[in-house]
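1. Here you go, sequence then predicted model.
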Amino acid sequence: MNRKIFPSILPAITLILVLVVQPVAAAQITISWPSQSWPSAMIDVNNDGRYDYGIEVSPWQLNSASGSITMTFDTSTRTLRTTCNLQNVQPRVATNGYPEIYVGRKPWNKQYANGLGVNFPISVSTLQSRSLIVTFTINIQSLLSSMNFNIAADAWIVRPSVANNPGTSPGSGDLEIMVWVFSQNLNPAGSKVGEVTISGRTWEVWRMDSVSWGGWQYIAFKPKGWSIRSGTVSYDAAAFVRAAKKYATIDISGHYLLGWEIGTEWGTQNSNGVAQFSWTISGFSVSLR
């Protein structure tokens, strides 16, 4: 895949079981699997007492393997490097994990990473008229060609009872959305239900009406005819929330967006139990306009 960089277009699209830790001021923060069963860290980049990011290996369908997954965040450059070198992965499924960096929070978390100046949760009604600009630079440095793999944002749009009670699991009546920018040997869950054009880019819309392990609805936006393996991405996350509202079969008008996650779904269904990749994400920022 050739190097591609999203052109800059505003505002619609301009071209992450959690451990609770204290803010970390060290130059580098490293988490790894299998040395930690569910590796995660909250990061205070400028040591002002507010978390700026969360990082997590999220090995949610990784029962066993030989080798390791390592994530290192450099606070001086705000660069996250993720390296995976695994063999004999069990089970061999399309998605074994989702190493990620995030702002805001995930539903199961009890703490927010709101240090970048955007205060999550944000009501869906607010995002009807405002833009939430997400920017990051991705560089896939190595990737086993037979793996199932993507680069994708994940976000949770939840009922007030979930938004107002950190640590509450999502369920029926909540919505998970994903925004993909790159994929290899992988499609979203569910089935394709339509296409949308956002600022000249075409996205396939996929939906699973009730995720079997949690009961919430799932909507993913997958690029159609384009992808970004390395380059800077900047888009209006609110545009995808508004598009998801049209395709969801549940009413999310009174819901809240908990945060925004950037990571990679990886799996070994096609790679004979082997997972090998390395990437960096840098310059992850959000702004509400």
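-> Thanks, I have it.
2. ok, the residue nearest to residue 254 when sequence neighbours are not counted to residue 172 distance?
-> Leaving aside its chain neighbours, residue 254 sits nearest to residue 160 (6.6 Å; criterion: C-beta to C-beta, 6 or more residues apart in numbering). Just so you know, the C-beta spots here come from the backbone N, C-alpha and C atoms, and that holds for glycine as well. Distance from residue 160 to residue 172, counting by C-beta to C-beta, to the nearest Å: 15 Å.
3. try residue 182
-> Separation of residue 182 from residue 172 (C-beta to C-beta): 31 Å.
4. Between these two, tell me which one has more neighbours.
-> For residue 182 versus residue 172, the count of surrounding residues by other C-beta atoms under 10 Å is larger for residue 182: 25 against 12.
5. So which residues of the stretch 51-200 of the chain form helices?
-> Counting by DSSP state H, counting those that start in this stretch, the stretch 51-200 of the chain has these helices, from start to end: 124-127, 160-163.
6. could you redo these as TSV and give each row mean neighbour count?
-> Converted to TSV, those look like this (neighbours: other C-beta atoms under 10 Å):
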stretch	mean neighbour count
helix 124-127	18
helix 160-163	17
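7. Out of those, which is closest to residue 42?
-> Residue 42 sits nearest to helix 160-163 of all the helices of the stretch 51-200 of the chain, at 19.1 Å, using C-beta to C-beta.
8. Can I get the closest one in PDB, CA atoms only?
-> What follows is helix 160-163, C-alpha atoms only, in PDB (Å, rounded to 0.1, in the frame of the first residue of the first chain):
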ATOM      1  CA  PRO A 160     -27.000   8.700  30.900                       C
ATOM      2  CA  SER A 161     -27.100   5.900  33.500                       C
ATOM      3  CA  VAL A 162     -23.800   4.600  32.100                       C
ATOM      4  CA  ALA A 163     -22.200   8.000  31.400                       C
END
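9. Give me the mean pLDDT for that helix.
-> The average pLDDT for helix 160-163 rounds to 96.
10. by contact count, what packs against it?
-> Helix 160-163 is packed against no helix or strand, with contacts defined by 3 or more C-beta pairs under 8 Å, 6 or more residues apart in numbering; DSSP states H and E.
11. what's in contact with that helix?
-> For helix 160-163, the external contacting residues (C-beta atoms under 8 Å, 6 or more residues apart in numbering) are 107, 121, 168-171, 174, 254-256, 258.
12. Summarise which helices and strands the longest strand anywhere in the chain is packed against.
-> Longest strand in the chain, counting residues (DSSP state E): strand 275-288. If contacts are counted by 3+ C-beta pairs under 8 Å, 6+ apart, strand 275-288 sits against strand 79-90, strand 100-104, strand 132-143, strand 259-263, strand 266-267.
13. Among these, which comes closest to residue 186?
-> strand 266-267 (7.0 Å).
14. now the closest one, how far from the chain's geometric center?
-> 14 Å (C-alpha atoms, centre = their mean, to the nearest Å).
15. ok so, going back, let me have the helices of the stretch 51-200 of the chain in a markdown table, adding distance to residue 288 as columns.
-> Listed next are the helices of the stretch 51-200 of the chain as a markdown table, based on distance: least, C-beta to C-beta, whole Å:
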| stretch | distance to residue 288 |
| --- | --- |
| helix 124-127 | 8 |
| helix 160-163 | 16 |
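16. What count of nearby residues applies to the closest residue to residue 148 other than its chain neighbours?
-> Leaving out its chain neighbours, the residue that sits closest to residue 148 by C-beta to C-beta, 6+ apart is residue 267, at 3.6 Å. The tally of other residues near residue 267 (other C-beta under 10 Å) stands at 23.
17. Which residues are in contact with residue 267?
-> Neighbour list for residue 267: 61, 92-96, 147-149, 186, 275 [criterion: C-beta under 8 Å, 6+ apart].
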